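Enquirer: Show me how the following folds:
(one chain, ligands or ions: 1)
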Amino acid sequence: MRSIREVADLQCQAMTDVDHTKPIADWATEFDHTHPEYGAKAPEIWDDLRERCPIAHSDAFGGIWLPTRHEDISAIASDPEHFSSRGAVVFAERPEEPAPVGFAPPITSDPPFHAIARRLLLPAFAPKAIGPWEAATRTICNDLLDTILDAKVEGEPLSIDGAVAYAQHIPVMVIADMLGVPKEDGDIFRGFIHRIIENPGADHDIAEEDSFDFYLDRVIAEHAEATEKRGDLVDFLLEIELDGNKLAPEHVRGTVALLLIAGIDTTWSSIGASLWHLANNPGDRARLVAEPELIDTAVEEFLRFYAPVTMARLVEKDHEFGGCPMKADDWMLLPFPAANRDPEAFENADEFIIDRARNRHAAFGLGIHRCIGSNLARMELKVAIQEWLARIPEFELHEPDTTRWSAGQIRGPRELPLTVLG
Ligand code: HEM
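Expert: Prediction:
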């Protein structure tokens, strides 16, 4: 089985092989989800494709499909027999490790092992388990806001980066505490995640001791050797049993990696996109400040409108889907954010409606891999926005808007220059 490091290297190679300086002539036949233009204007691209070519194809990455209709995305996500999760993140080669455990269970596992690996994790992310983390999350947000506002001079505007100074830290600190790893390692995690999920295009020839695998092995060994257990998530994974046996070491390592990767860029992106929206839409901002009881519907609409996650599948065998000839080992992207903008599935899909009453969005996925961390993500997003608005009710985007949205499979603001007013 490939190590996490090898998978990251293959993905980086795939990303750097693509020429990102050339504009894309036609998104229907040569789309590239790692192109900066996709990061900047993905919603327009989905709307265009949904109208004229709802399942786009490109030869990039050895053959890849991009469905844009809710109905198709839902059907594919519900059909693990034809679309396997053994490759959840796209790279030029194909993952070689066989099911069942896969590289990061349960997200890279297929049935029947998927249900077993998923069931093990559910209690740790149930509402009852997440509730007690809310107070700590509020403290984290307020500590960050204290640091930001330290530089504020009464009556003068203050320039800050909402993604870098605020949004990115919240999920890192929360999941670090839950797992039982040092919060101060935040920069280290983000480095690993950047290599695995984003488009680094940078030299990734790093020393073994600086690799994600090495880090994970160290954290797990420290937990295993500790005489006093702390009851954190790593201890939980080391203690639980499957058919009377402890989990295989690669299962524990893959799941710790998954929890670090799955919860950080995703939630960072959602918090950042929500701040971007509130900075850019003073009417919604004023309304949420005046009517704080709207926070729950606002959070669902932030998740729908700015859904950050696109997952991938591998086509299992040659077959036709939606009139398209799928070949075994083609990549299939599942752009849940595009499903959320489909007018067939949502009334006024292209409008942000802060008190949208019916909102069965797909931000947390559709089908058997639906997000396990949704209770935690919702709590973090709600608390992050509530605490921000309580301390910074008046803010706007820098003029001109210099926000940089990430391309690739997780979309969100990575640089979000804001002006704090008042
Ligand atoms: C706003 C934040 C988040 C979004 C939008 C999000 C979205 C998603 C999506 C779309 C999937 C489905 C993947 C697929 O179909 O292949 C997923 C799965 C998953 N997510 Fe999240 N996620 C978020 C936060 C989190 C957090 C905070 C955690 C936990 C730390 C987490 C843990 C997981 C896990 C373990 C899976 C795999 C479930 C399975 O394979 O059965 N996520 N997430």
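
Enquirer: where does the stretch 101-250 of the chain dip in pLDDT?
Expert: The model of the stretch 101-250 of the chain has pLDDT under 70 over residues 101, 196-205.

Enquirer: Those residues of it touching the ligand, which are they?
Expert: Within the stretch 101-250 of the chain, the residues that sit near the ligand (C-beta under 6 Å from any ligand atom) are 106-107, 118, 175. C-betas here are computed from N, CA, C, even on glycine.

Enquirer: Check those residues and tell me the two furthest apart.
Expert: The most widely separated members of these, counting by C-beta to C-beta, are Arg118 and Ile175 (18.2 Å).

Enquirer: Which one's more surrounded, these two?
Expert: Comparing Arg118 with Ile175 by other C-beta atoms under 10 Å, the one with more neighbours is Ile175, at 25 against 17.

Enquirer: Checking my notes, that one in a strand, right?
Expert: No: per DSSP: H, G, I helix; E, B strand; the rest coil, Ile175 lies outside any strand segment and is helix.

Enquirer: Can we start the residue count at 587 from this point?
Expert: With the count now opening at 587, the last piece we talked about shows up as Ile761.

Enquirer: Distance check, it against Phe922.
Expert: Ile761 sits 21 Å away from Phe922, going by C-beta to C-beta, to the nearest Å.

Enquirer: Then Phe677?
Expert: According to C-beta to C-beta, Phe677 and Phe922 sit 20 Å apart.

Enquirer: Check Thr620 too.
Expert: When distance is defined by C-beta to C-beta, Thr620 is 17 Å away from Phe922.

Enquirer: Ok, Ala674 next?
Expert: Ala674 is 13 Å from Phe922, by C-beta to C-beta.

Enquirer: Overlap in contacts, these two.
Expert: Counting by C-beta atoms under 8 Å, 6 or more residues apart in numbering, the shared contacts of Ala674 and Phe922 are Met897.

Enquirer: who's more crowded, the two?
Expert: Between Ala674 and Phe922, counted using other C-beta under 10 Å, the more crowded position is Phe922 (25 against 22).

Enquirer: how about the nearest residue to the more buried one, chain neighbours excluded?
Expert: Excluding its sequence neighbours, the residue lying closest to Phe922 (C-beta to C-beta, 6 or more residues apart in numbering) is Ala948, at 4.4 Å.

Enquirer: what number of residues lie near that neighbour?
Expert: 26.

Enquirer: Name all residues that make contact with it.
Expert: So Ala948 contacts 656, 659-660, 893, 922, 925-926 (C-beta under 8 Å, 6+ apart).

Enquirer: Quick check: the two most widely separated of the residues you listed?
Expert: Greatest spatial distance in the contacts of Ala948: Ser660 and Ala893, 13.9 Å, computed using C-beta to C-beta.

Enquirer: how close does the residue nearest to Leu765 when sequence neighbours are not counted get to Ile958?
Expert: Sequence neighbours aside, Leu819 is the residue nearest to Leu765 in space, at 4.7 Å (criterion: C-beta to C-beta, 6+ apart). Distance of Leu819 to Ile958, given as C-beta to C-beta: 12 Å.

Enquirer: try Leu744
Expert: According to C-beta to C-beta, Leu744 and Ile958 sit 38 Å apart.

Enquirer: Look at these two and report which has more neighbours.
Expert: Comparing Leu744 with Ile958 by other C-beta under 10 Å, the one with more neighbours is Ile958, at 22 against 17.

Enquirer: show me what contacts the residue lying closest to the more buried one once chain neighbours are set aside?
Expert: Among residues not flanking Ile958 along the chain, Phe711 sits closest, at 5.0 Å (C-beta to C-beta, 6+ apart). By C-beta under 8 Å, 6+ apart, the contact list for Phe711 reads 958-962.

Enquirer: Among those residues, which one sits closest to the ligand?
Expert: Relative to the ligand, the closest of these is Gly959; by C-beta to the nearest ligand atom it sits at 2.1 Å.

Enquirer: and the closest one, backbone torsions?
Expert: Backbone torsions for Gly959, taken as degrees, to the nearest 10, come to phi -90, psi 20.

Enquirer: That one: how many residues sit nearby?
Expert: For Gly959, using other C-beta under 10 Å, the count is 22.

Enquirer: Spell out which residues of the stretch 887-1008 of the chain are next to the ligand.
Expert: Residues of the stretch 887-1008 of the chain lying near the ligand by C-beta under 6 Å from any ligand atom: 893-895, 897, 922, 949-951, 955, 957-959, 962-963.

Enquirer: Okay, and which of those residues map to helices?
Expert: 922, 962-963 (DSSP state H).

Enquirer: distance of the residue most central in space within the chain from Ala898?
Expert: For the chain, the residue sitting closest to the mean C-alpha position, by C-alpha atoms, centre = their mean, is Thr852 at 2.6 Å. The gap separating Thr852 from Ala898 is 15 Å, by C-beta to C-beta.

Enquirer: Tabulate the residues of the stretch 887-1008 of the chain next to the ligand (JSON lines), appending pLDDT.
Expert: Shown next, in JSON lines, are these (pLDDT from 0 to 100):
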{"residue": "Ala893", "pLDDT": "97"}
{"residue": "Pro894", "pLDDT": "96"}
{"residue": "Val895", "pLDDT": "96"}
{"residue": "Met897", "pLDDT": "95"}
{"residue": "Phe922", "pLDDT": "98"}
{"residue": "Ala949", "pLDDT": "98"}
{"residue": "Phe950", "pLDDT": "98"}
{"residue": "Gly951", "pLDDT": "98"}
{"residue": "His955", "pLDDT": "97"}
{"residue": "Cys957", "pLDDT": "98"}
{"residue": "Ile958", "pLDDT": "97"}
{"residue": "Gly959", "pLDDT": "98"}
{"residue": "Leu962", "pLDDT": "98"}
{"residue": "Ala963", "pLDDT": "98"}
